[in-house]
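> Got a predicted structure plus its sequence, pasted below:
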Amino acid sequence: MGRRDTINELCIRAGFMVLVYLVFALQLPNYHTATGIAALLDGAVLIGTVSVGVGISMLAGEFDLSVGSLAALTGIIVVQVVGLGVFPAMLVGVAFAAAIGALQGLAIGILGVNSLVFTIGSLIGLRGVAMVISGENSVTIPIDQLDEIDFFTDRYLGIFSPLSLGMVAVFVLFGLFLRYTRWGREIYAIGGGRNEAKAAGVPLLRPMVIAFTCSGALAGLGGSVLSLRLGSATPLGFDTLLLSAATTCLIGGIALDGGRGNVIGIAIGLFTLRFFITGVASLGAPYYVQNLAAGALLILVIAGQIGFRALHQRRAFHRA
Amino acid sequence: MNSLRIVADLIQTGSGGEIDPNTAARRRRAAQIMLAVGAIVLIALGGATTPSFLTFDNALVVIRQASVTGIVALGMSYVTISGNLFALSAEELAILTACIFGWLMRAKFGLALSLLATLVFAGLGGAVQGAIIGLGADPIITTLAFGGFFRGLASVVSQNQNILLETNAAEWLGTARPLGVPTQSWAFLILTPLAWFVLQKTRLGRVLLLTGANRAAARATGLRVGQAGLIGVTLLGICCGMAGISAAAQFGQAVANLFQGLNFDVIAAILVGGIALRGGQGSPIQAALGAAFIALLQNFMLLNDLSSGWRMTVVGALVTLATCVFHVLQRRR
């Protein structure tokens, strides 16, 4: 797919995002205000961060289903070690999650197991570990340490908080990594065609481990940051995270069979999803309708992609 | 049937990376022996360490739980064998059908009509997923999406509260024990050989097996591969419907946290039973045995006061381990 095709596709997706925005913005006055935008950005931080990780695993032709459970587990660990200081605690969390991701990548890469099924197992197991460590209760930051997390609510330029700036940094860093480093291109290679990459001499294990380390680390980052900001973590939390991240990546044009997509697409998908969900919520729907809406949106996207592909094939067939 | 059999042999020996059918069968038998040994060890350990394990009442609990998981596992085995890996929406569809059944009963539609409508709805729920999957969508992501959708729909139908059936008409469905065996177990005992028969001895079953074994070759020989996926997931939907009806009938109400962990237990049952993930091999009986083992394991852990966190960790570890072990066993030597 050439450069122009990529830009074309991104423009179409961006157009869809703007459409969703307009549908709701025309009915809700708050969308344009600074506080509205700030809230939108903050609400997008968790899904955005984790989506980049899930997107990277998809680019490698795999899928990490365990991100929600890993985020919950990391959140619990981080809240319990926050006595070390906010940033050290976050570092511990991210390092732990990255290690889990690396282990998964190693197992999947060495054994050649289907990553979807393997990560179903870790999805269950990590959730269980989270419940065991937390004693099946929420864990909260002790009151005397609460002022350490106050800076999370600072505002820069009126709309950015440390969280949303962090998310922007994640997008930029990983976007550059994927596009301009050799390791990033190796991930695209094994996703685009495993056998072809092998024949071309691309190592298979390294990009696999890196991809899963990224998805693990970013899931851990999302979980830590959100738990620290809320001041508490619950073992059963982040249960809709996987669905939201998958929706974001698919709307953003990350191909499920791997090798295609980029972080700009993920950003577009992220905001399309957020516009949709916050719009539905602002129209007064109860919170459980949001699950319904997210699932419906993903189904629509999947059906749309299938329809497009069928149409494309038919047209190509007739043209040939 | 004859020509289909010739095609079947060609497809199954030709699919890349496969070991020959004899070795595959031998390894599958080895897996089943491991399962049987594991079950015996579990029962022995349970009997020795936990006083209430080997009682009649407990056996009844295990059998009933195994039956519900087993019925859904039978449906899931069709999905796996037809090459569509797993449907991650079984739990949510069961909850939704329980809510719908409860709603219909409460609205005084009568038992027969409620049953019919619920089962039709359950079948439709599966069919919609199956249609999209049959057109080429990824089964796991599609069913993940539908899972969220069904769960949201269940909350909407129930207004996020428990639906009380307000009538005892359905109670016998969930709690009766004709000849001492729970109704769910009768259903399970009848459905298992039926599922095996349909898969092994009918044309439909053959098409499912071949589609799972080698999708491209099946399509090349003119089989409708989309239909195979559709039918597999539809049957799973109906099984989830049965589970939902049984639970609503048994408890007299539909609650939101019904079937918690059912997706995991069913997936574990399929894996532990040794059904190949690539599809095209296996039998619903393996899924049934796997479900019985999982129910036994859950019961053992529960009686030993293992918290739900520990139980979940064990199931997760089991799924991961079974995936890796069977993958290594089924690789070409």
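The structure has been received and is ready for your questions.
> so where's chain B uncertain?
B:1-24, B:26-27, B:331-333 (pLDDT under 70).
> mind listing the strands for the stretch 51-200 of chain A?
Along the stretch 51-200 of chain A, the segments classed as strands by DSSP state E, counting those that start in this stretch run A:139-140.
> Give me the neighbour count for B:Leu303.
16 (other CB atoms under 10 Å in any protein chain shown). In short, each C-beta sits where N, CA and C put it, glycine included.
> for A:Thr181, same thing?
Neighbours of A:Thr181 (other CB under 10 Å): 11.
> Give me the phi and psi angles of it.
phi -110, psi 160 (degrees, to the nearest 10).
> How about A:Ala233?
Residue torsions, per degrees, to the nearest 10, at A:Ala233 are phi -140, psi 140.
> Kindly report the same for B:Ala292.
Given degrees, to the nearest 10, the pair of backbone angles that B:Ala292 has is phi -60, psi -40.
> so what's it up against?
Residues in contact with B:Ala292, defined by CB atoms under 8 Å, 6 or more residues apart in numbering or on different chains, are B:39, B:66, B:70.
> 7 Å instead?
Contacts for B:Ala292 (CB atoms under 7 Å, 6 or more residues apart in numbering or on different chains) come out as B:66, B:70.
> For residue 226, the count of nearby residues, please.
Unless you meant another one, I'm taking chain A. Neighbour tally, A:Leu226, other CB under 10 Å: 23.
> Hmm, no, I was thinking of chain B.
16.
> buried stuff in the one helix or strand it maps to?
According to DSSP states H and E, B:Gly226 maps onto helix B:225-251. The neighbour-count check on helix B:225-251 (16 or more other CB atoms under 10 Å in any protein chain shown) flags B:225-251 as buried.
> surely B:Gln129 meets B:Leu144?
No: look at B:Gln129 against B:Leu144 with CB atoms under 7 Å: they stay out of range, at 10.5 Å.
> Looking at those two, which has the bigger crowd around it?
B:Gln129 (32 against 25).
> quick one: contacts for the more buried one?
B:87, B:89, B:142-143, B:146, B:233.
> Can you redo those as a markdown table, where the extra columns are secondary structure and distance to chain A?
Output for those, formatted as a markdown table (DSSP: H, G, I helix; E, B strand; the rest coil; distance: CB to the nearest CB, whole Å):
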| residue | secondary structure | distance to chain A |
| --- | --- | --- |
| B:Ala87 | coil | 12 |
| B:Ser89 | coil | 9 |
| B:Thr142 | helix | 6 |
| B:Thr143 | helix | 10 |
| B:Phe146 | helix | 6 |
| B:Val233 | helix | 14 |
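> So which bits of chain B are right by chain A?
B:85, B:132, B:135-138, B:140-142, B:144-146, B:148-149, B:151-153, B:155-156, B:160, B:264, B:267, B:277, B:307-310, B:312-313, B:315-317, B:319-320, B:323-324, B:327-328 (CB under 7 Å from any CB of the partner chain).
> Give me the subset of these that lies in helices.
With DSSP state H as the criterion, helices contain B:132, B:140-142, B:144-146, B:148-149, B:151-153, B:155-156, B:264, B:267, B:308-310, B:312-313, B:315-317, B:319-320, B:323-324, B:327-328 from among the residues of chain B next to chain A.
> Please identify the helix or strand for A:Leu270.
With DSSP H and E as criterion, A:Leu270 is part of helix A:263-282.
> got the angle between the helix or strand following that helix and helix A:263-282?
Using DSSP H and E, the helix or strand that follows helix A:263-282 in sequence is helix A:287-319. Relative orientation of helix A:287-319 versus helix A:263-282 (axes from the mean of the first three to the mean of the last three CA atoms, to 10 degrees): 140 degrees.
> Mind listing what's buried along helix A:287-319?
Buried, per 16+ other CB under 10 Å, within helix A:287-319: A:288-299, A:301-303, A:305-306.
> likewise stretch A:251-260?
A:251-256, A:258-260.
> Of the residues you listed, which is the nearest to A:Ala102?
For the buried residues of stretch A:251-260, the minimum distance to A:Ala102 (CB to CB) is 19.6 Å, reached by A:Gly258.
> Do I have it right that the closest one meets A:Gly191?
Yes: applying CB under 7 Å, one finds A:Gly258 in contact with A:Gly191, separated by 2.9 Å.
> Pull up the overlap in contacts between the two.
A:59-61.
> The chain: helices as residue ranges?
Answering for chain A, as no chain was given. Under DSSP H, chain A gives helices at A:3-25, A:34-59, A:67-80, A:86-111, A:115-133, A:162-180, A:182-192, A:194-199, A:205-230, A:241-251, A:263-282, A:287-319.
> my bad, chain B
Counting by DSSP H, the helices of chain B are B:2-14, B:21-49, B:56-79, B:90-106, B:111-134, B:139-158, B:171-175, B:183-201, B:203-213, B:215-220, B:225-251, B:262-272, B:284-303, B:308-330.
> other SSEs contacting the shortest one?
On a contact count with 3 or more CB pairs under 7 Å, 6 or more residues apart in numbering or on different chains; DSSP states H and E, helix B:171-175 meets helix B:225-251.
> mind running it again at 8 Å?
Counting contacts by 3 or more CB pairs under 8 Å, 6 or more residues apart in numbering or on different chains; DSSP states H and E, helix B:171-175 packs against helix B:183-201, helix B:225-251.
> ok, now the third one?
The contact analysis (3+ CB pairs under 8 Å, 6+ apart) places helix B:56-79 against helix B:90-106, helix B:183-201, helix B:225-251, helix B:262-272, helix B:284-303.
> Run the contact check for stretch A:289-296 versus chain B.
Yes: Stretch A:289-296 lies within reach of chain B by CB under 8 Å from any CB of the partner chain, at A:289-296.
> Turn those residues into CSV, including pLDDT.
Below are the residues of stretch A:289-296 next to chain B laid out as CSV (pLDDT from 0 to 100):
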residue, pLDDT
A:Val289, 79
A:Gln290, 75
A:Asn291, 75
A:Leu292, 84
A:Ala293, 84
A:Ala294, 81
A:Gly295, 87
A:Ala296, 89
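> okay, now A:Leu236: neighbour count?
15.
> Quick check, B:Leu297 in contact with B:Leu42.
Yes: under the criterion of CB atoms under 8 Å, B:Leu297 makes contact with B:Leu42 at 6.4 Å.
> quick one: which of those two has more around it?
Using other CB under 10 Å, the more surrounded residue of B:Leu297 and B:Leu42 is B:Leu297, with 22 against 17.
> how about the residue nearest to B:Trp172 when sequence neighbours are not counted, what does it touch?
Spatial nearest neighbour of B:Trp172, chain neighbours left out: B:Thr183 (7.3 Å); criterion: CB to CB, 6 or more residues apart in numbering or on different chains. Contacts for B:Thr183 (CB under 8 Å, 6+ apart) come out as B:172-177, B:246.
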